[in-house]
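[1] Below: sequence and its predicted model.
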Number of protein chains: 2
Amino acid sequence: MSDQNIFDNEIFFEEYRKLRNNPSAANDIVEKPALFSLCPELSGKAVLDLGCGYGENCREFSKLGASRVVGIDISEKMLDIAGKENKYKNVTFIRMSMSDLSLLQDAFDIVFSSLAIHYIENFDKLLADVYQLLEDNGTFVFSQEHPFTTAMLKEKPRWAKDSDGNILHYNLSDYSIPGVRKTSWFVDNVIKYHRSFSSIINSLSAAGFIIEKMLEPLPNEATMEKYPSYKKYYHKPDFLLIKARKNTV
Amino acid sequence: MSDQNIFDNEIFFEEYRKLRNNPSAANDIVEKPALFSLCPELSGKAVLDLGCGYGENCREFSKLGASRVVGIDISEKMLDIAGKENKYKNVTFIRMSMSDLSLLQDAFDIVFSSLAIHYIENFDKLLADVYQLLEDNGTFVFSQEHPFTTAMLKEKPRWAKDSDGNILHYNLSDYSIPGVRKTSWFVDNVIKYHRSFSSIINSLSAAGFIIEKMLEPLPNEATMEKYPSYKKYYHKPDFLLIKARKNTV
């Protein structure tokens, strides 16, 4: 388990829970609907959820007809919640790092991951493991923090604003320098990994995936009106989503 | 011919020629080597160059063994230079807009385009035409201005610098808003089109292309030392390059 287990940090865990319980959370309004829109028909399918967290997506997959759902997560605290709140028929939760996927002796039609991949150092190894776990023509659907978000090497104001507080632009730096990023998010030294668009695309292609669709989702206009702070998405999206198919030549 | 023919503007033409004749031009140092690195073996292949400009790449393709090379460009002035400087065996130059590709009754192994696609309004139509012109499993290799470069709706300082002139970050805005951009580059009202990464990827996928490789090239370290202004590429690359294969199922 070389990747950080930040979700078992007590302060991080509690603050993250508050964030996710906020009804205007970007995860619920922007990321989750977009990610589900990329999922193939789930009926009768075997689904693996990488970094399942609270397990609410696993439960949803089962409700939508998946025949078998496995959710893995590195965090004991997150899986405690999953077991209490999202136990459901056909759903199994396993405490396991995404770096240990090769331990799973199993096969899936769909591998899914919501906002976990930017915590993983070795993306190429993960892709090789996912390829191995997928059935022929299986689908890998994932979201991650947008490369514009992960880019910066040093923490600094992300947005330039005018004197009225209106956003002028996003302060982008270090985009072309891949690798580890230490950020303060609820606690110090949260470790994420930055990868450029080309690096992500080339890793997928080299691992044998065909990129079928990419999304950089925005909230819809009604949401923009209700929560004006989301207008910053016109300048810079927060999430990158990809649907890729296992290419079996 | 709905797309702008800015290269036949006299001032633009002369200033662009000066830029390209500069030995440290980013086109020559960064973009061109990267784009050629994406080209398949050229020996015996039929190649179409979209927006061939001075025609120097067409000449190179023929030298590298291409059996037949067609270069098209909308600009009479550019093709005048091409005819004078880069006439070569097996090379044909045609004055034609990239929007009129369907007039070509021909087939190619490789369609190539260097820094022209951001001048084209209808990318989906272009892709449909390129797909039609390619042989089975043919390759489309192109470069364009990086989406970070085309993003901004209004012209403004692109870089934030400290009091010593060191670059702090790139001022990114309007990335999520696709469409026309009027910029001043040598002359006013140069028209380009902004497309996000996801928009480009999805158009390619929907048109029947498999994305094999993407590059956002940087100069090598020796070049960075020789021309320190290129260090800005660590924050933001200038070019986006894609190699895609016609998928014939």
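    That came through, no problem.
[2] pretty sure residue A:211 belongs to a strand, no?
    Yes: residue state for residue A:211 (DSSP: H, G, I helix; E, B strand; the rest coil) corresponds to a strand.
[3] wait, it sits on residue A:200?
    No: taking contacts as Cβ atoms under 8 Å, residue A:211 lies outside contact range of residue A:200: 9.3 Å. For glycine as for every other residue, the C-beta is placed from the backbone atoms N, C-alpha and C.
[4] who touches both of those two?
    residue A:242 (Cβ atoms under 8 Å, 6 or more residues apart in numbering or on different chains).
[5] for the residue in chain A sticking out farthest from the centre, helix, strand, or coil?
    What lies farthest from the middle of chain A is residue A:163; by Cα atoms, centre = their mean that is 34.7 Å. Of the three states, residue A:163 takes coil according to three-state DSSP.
[6] Return the backbone torsion pair for it.
    phi -70, psi -20 (degrees, to the nearest 10).
[7] how much space is there between residue A:107 and residue A:130?
    12 Å (Cβ to Cβ, to the nearest Å).
[8] I misspoke; the intended subject was residue A:226.
    With Cβ to Cβ as the criterion, residue A:226 and residue A:130 are 37 Å apart.
[9] Look at these two and report which has more neighbours.
    Neighbour totals were compared for residue A:226 and residue A:130, and residue A:130 leads with 24 against 12 (other Cβ atoms under 10 Å in any protein chain shown).
[10] In contact with the more buried one, which residues?
    A:50, A:101, A:111, A:140, A:207.
[11] again, only using 7 Å
    By Cβ atoms under 7 Å, 6 or more residues apart in numbering or on different chains, residue A:130 lies in contact with A:111, A:140.
[12] Show residues contacting stretch A:188-201.
    Under Cβ under 7 Å, 6+ apart, the answer for stretch A:188-201 is A:4, A:6, A:118-121, A:123, A:145, A:147, A:150-151, A:175-176, A:178-184, A:211, B:197, B:211, B:214-216.
[13] I'd like the next helix or strand past the strand or helix carrying residue A:190.
    Here residue A:190 sits within strand A:187-194, counting by DSSP states H and E. As assigned by DSSP H and E, the chain's next helix or strand after strand A:187-194 is helix A:197-206.
[14] for the residue at minimal distance from the centre of chain A, helix, strand, or coil?
    The residue lying closest to the centre of chain A (Cα atoms, centre = their mean) is residue A:115, at 1.7 Å. Judged by three-state DSSP, the three-state class of residue A:115 is coil.
[15] Spatially, what comes nearest to it if we skip its sequence neighbours?
    Distances taken as Cβ to Cβ, 6 or more residues apart in numbering or on different chains place residue A:143 nearest to residue A:115, at 5.5 Å, with adjacent residues excluded.
[16] right, and that neighbour touches residue A:31 too?
    Yes: assessed by Cβ atoms under 7 Å, residue A:143 is found in contact with residue A:31 at 5.6 Å.
[17] Overlap in contacts, these two.
    By Cβ under 7 Å, 6+ apart, the residues touching both residue A:143 and residue A:31 are A:114, A:115, A:239.
[18] As CSV, those with pLDDT would be great.
    Below are the shared contacts of residue A:143 and residue A:31 laid out as CSV (pLDDT from 0 to 100):
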residue, pLDDT
A:114, 97
A:115, 96
A:239, 97
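[19] Between those, which sits nearest residue A:69?
    Closest approach to residue A:69 among the shared contacts of residue A:143 and residue A:31 (Cβ to Cβ): residue A:114, at 13.6 Å.
[20] what's near enough to touch the closest one?
    A:31, A:35, A:57, A:143.
[21] Tell me the residues of chain A that contact chain B?
    For chain A, the residues in contact with chain B (Cβ under 7 Å from any Cβ of the partner chain) are A:160, A:168-177, A:196-198, A:201-202, A:205, A:210-216, A:218, A:233-237.
[22] Just the buried ones from these?
    For those, a burial check counting by 16 or more other Cβ atoms under 10 Å in any protein chain shown picks out A:160, A:169-176, A:196-198, A:201-202, A:205, A:210-216, A:218, A:233-237.
[23] Give me the pLDDT value at residue A:72.
    We have a pLDDT of 97 for residue A:72.
[24] Report the contact partners of it.
    A:50, A:52, A:94, A:96.
[25] How about residue A:231: what's its closest non-neighbour residue?
    Once flanking residues are discounted, residue A:231 sits nearest to residue A:224: 5.7 Å by Cβ to Cβ, 6+ apart.
[26] what does the average pLDDT come to for the host helix or strand of that neighbour?
    Residue A:224 is located in helix A:221-226, with elements delineated by DSSP H and E. Taken as a whole, helix A:221-226 has an average pLDDT of 90.
[27] next SSE after that helix?
    Following helix A:221-226 in sequence, per DSSP H and E, is strand A:239-246.
[28] quick one, that next one and helix A:197-206 angle?
    20 degrees (axes from the mean of the first three to the mean of the last three Cα atoms, to 10 degrees).
[29] Show me what strand A:239-246 is packed against.
    helix A:32-38, strand A:134-145, strand A:209-215 (3 or more Cβ pairs under 7 Å, 6 or more residues apart in numbering or on different chains; DSSP states H and E).
[30] in its sheet, what does it sit against?
    Partners of strand A:239-246 in the sheet, by DSSP bridges, are strand A:134-145 (antiparallel), strand A:209-215 (antiparallel).
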